[in-house]
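Asker: quick one, structure for this:
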Amino acid sequence: MILVNGDHDEGRAGTDALASMTYDFDLEHSVYVEYSARSKRYFDYWHKAHPFYQNVSREGIVLYESTFIQE
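Answerer: As a prediction, this is how the structure comes out:
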């Protein structure tokens, strides 16, 4: 899961961009990379109620964390 600063629609647009970027990689390596981009605000709202988001909170690995957080 990738969290983006912005609104919910920007998170959905991020998912579309990820699909475009990973398509060739998936075909070349015969794998399927699962991804989901959501806004941080959306994630913060649902992470206590949604099992997938709870797993991300517990087991997720931060690969990059921006020091600029816009609320």
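Asker: where along the chain do the helices fall?
Answerer: Remark: helices assigned in the chain by DSSP state H are 8-29, 40-46, 51-59.
Asker: tell me the helices and strands packed up against the longest one.
Answerer: In this structure, helix 8-29 packs against strand 2-4, strand 37-39, helix 40-46, with contacts taken as 3 or more C-beta pairs under 8 Å, 6 or more residues apart in numbering; DSSP states H and E. The C-beta positions use only the backbone N, C-alpha and C, and glycine is treated the same way.
Asker: got it, and the shortest one?
Answerer: Contact partners of helix 40-46 among helices and strands, from 3+ C-beta pairs under 8 Å, 6+ apart: strand 2-4, helix 8-29, helix 51-59.
Asker: give me the buried positions along the shortest one.
Answerer: Pointing back at strand 2-4 there. Leu3, Val4 (16 or more other C-beta atoms under 10 Å).
Asker: so what strands line up beside the helix or strand bottoming out on mean pLDDT in the chain?
Answerer: Lowest mean confidence among the helices and strands of the chain (mean pLDDT, DSSP states H and E): strand 2-4, at a mean of 72. Partner strands and pairing direction for strand 2-4 (DSSP bridges) are strand 37-39 (parallel).
Asker: now do the partner strand, average pLDDT.
Answerer: In this model, strand 37-39 has a mean pLDDT of 81.
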